[in-house]
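Visitor: Next come a sequence and a model predicted from it.
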Amino acid sequence: MAPVVIECRDRVTTITINRPDVRNAIDATTAAQLHRAFDEFDRDDGSDVAVLTGAGGHFCAGADLKAIASGAPNRLSPDGPGPLGPTRMELRKPVIAAIAGYAVAGGLELALWCDLRVVEETATMGVFCRRWGVPLIDGGTVRLADIVGLGVALDLVLTGRPVDAAEAARIGLASRVVPEGAAVAEAQQLAREIAKWPQECLRSDRMSLLGGRRLPLAAALANEFEHGMATIGATGLAGVRGFKGVS
C-alpha cells in the first residue's frame, strides 16, 4: 500500500497520506514521498492548487513515534526537507488542508504549513506532542502564532489541550468548518474556485503576504510592490482591459 496517493483533476492535485492504521502518522518513507509529491505539484503547469488530506477518517497524528522508537527516525537536519517532509518548502502555489479526525502534534504543523484549512465539525486539533516531551520542529512555533496570535499560540503550546472545530474557527485556525465527511469535497471545490482566477497575479499577492509578514512596514510595502510590478510586467494590462464591471 503506497503511503502517499496523488490524484490530479480539474487543475487540482489531491495528495493523501495513506497510513490509516496509524492515523496517518508519518515515518521517514512517507515524509520523503510527501516532499516529492509537493515538489512535483509545484512544478506541474497543469495544476494550480493542492489539497492535502489523510485516509481513513484522520488527517495526521504527527510523526510515527513507534517507528522512531524502533530505530527508524525521520530525517533530522537543519536544512533540506523537514522531519515530516514538505514543512520547509516555500511553494509558488496554494495548498488547502482537508482535515478530519485528528490533526495533532506534527499533523497540526502540516496543517499550519497549508494556506487554508477546511475542518470537519468533529475534528480535533492540538499540540498533543506536549504529552510525550516531543518538541515542535516542523514550523509549528513559527506558523501557529502567525495564524492565531501569540497569546492563543502560547495557550495551545503550553497546555497541549485539544481544540475542537468550533474553537478552531473562532481563533482563526480553521478557514472553513464543514459537516463530518465533507472536508475533502469542500476543499477540492474551494481549490477549483481559487484555480479559476488569473494565477500569476494570485500567486504574486500570496507571496507578498507570506514574505512580508515579519518585515518592517517600509520593507513589506517594498516587497509587495516588487511582486506586483513583476506581475504587471509579465501580464501587461490584459486584466484591466478585460474588466467590464462586477455585477
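Guide: That came through fine. This is a predicted model, so every value here is computed, not measured.
Visitor: For the residue nearest the centre of the chain, give me its contacts.
Guide: Nearest to the mean C-alpha position of the chain, by CA atoms, centre = their mean, lies residue 114 at 1.4 Å. Residues near residue 114 by CB atoms under 8 Å, 6 or more residues apart in numbering: 52, 95, 96, 97. C-beta coordinates here come from the backbone N, C-alpha and C atoms, glycine included.
Visitor: Surely residue 163 is in contact with residue 173?
Guide: Yes - taking CB atoms under 8 Å as the definition, residue 163 is a contact partner of residue 173 at 6.6 Å.
Visitor: which residues do the two both contact?
Guide: Here residue 163 and residue 173 have residue 125 as joint contacts, going by CB under 8 Å, 6+ apart.
Visitor: still on that earlier bit, would you reformat the contacts of residue 114 as TSV and include neighbour count?
Guide: Output for the contacts of residue 114, formatted as TSV (neighbours: other CB atoms under 10 Å):
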residue	neighbour count
52	27
95	23
96	27
97	28
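Visitor: Which members of these are positioned in strands?
Guide: With strands taken from DSSP state E, the overlap with those comprises 52, 95, 96, 97.
Visitor: pLDDT and distance to residue 65 added to the residues you listed, as a markdown table?
Guide: Shown next, in a markdown table, are these (pLDDT from 0 to 100; distance: CB to CB, whole Å):
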| residue | pLDDT | distance to residue 65 |
| --- | --- | --- |
| 52 | 98 | 21 |
| 95 | 98 | 25 |
| 96 | 98 | 27 |
| 97 | 98 | 21 |
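Visitor: Got the confidence number for residue 143?
Guide: Among the per-residue scores, residue 143 shows a pLDDT of 93.
Visitor: mean confidence score for the helix or strand harbouring residue 210?
Guide: Using DSSP states H and E, residue 210 falls within helix 199-212. Per-region confidence: helix 199-212 scores 92 on mean pLDDT.
Visitor: before we move on, what SS does residue 32 have?
Guide: For residue 32, the assignment made with DSSP: H, G, I helix; E, B strand; the rest coil gives helix.
Visitor: surely it meets residue 80?
Guide: No - counting by CB under 8 Å, residue 32 sits too far from residue 80 to count as a contact (10.8 Å).
Visitor: more neighbours, these two?
Guide: Between residue 32 and residue 80, counted using other CB atoms under 10 Å, the more crowded position is residue 32 (17 against 8).
Visitor: The one helix or strand residue 5 maps to: what's the following helix or strand?
Guide: Take DSSP H and E as the rule and residue 5 turns out to sit in strand 4-9. With elements assigned by DSSP H and E, the helix or strand that comes after strand 4-9 is strand 12-17.
Visitor: if we can go back for a sec, with respect to residue 26, which of the ones in strands among the contacts of residue 114 is nearest?
Guide: residue 52 (11.8 Å; CB to CB).
Visitor: Buried residues of the host helix or strand of residue 184, list them for me.
Guide: According to DSSP H and E, residue 184 maps onto helix 183-195. For helix 183-195, burial by neighbour count (16 or more other CB atoms under 10 Å) applies to 183, 184, 186, 187, 188, 190, 191, 194, 195.
Visitor: With stretch 120-140 instead?
Guide: Neighbour-count burial for stretch 120-140 [16+ other CB under 10 Å]: 120-121, 123-130, 134, 136-140.
Visitor: same deal with stretch 35-43?
Guide: In terms of neighbour count (16+ other CB under 10 Å), stretch 35-43 has its buried residues at 35, 37, 38, 41, 42.
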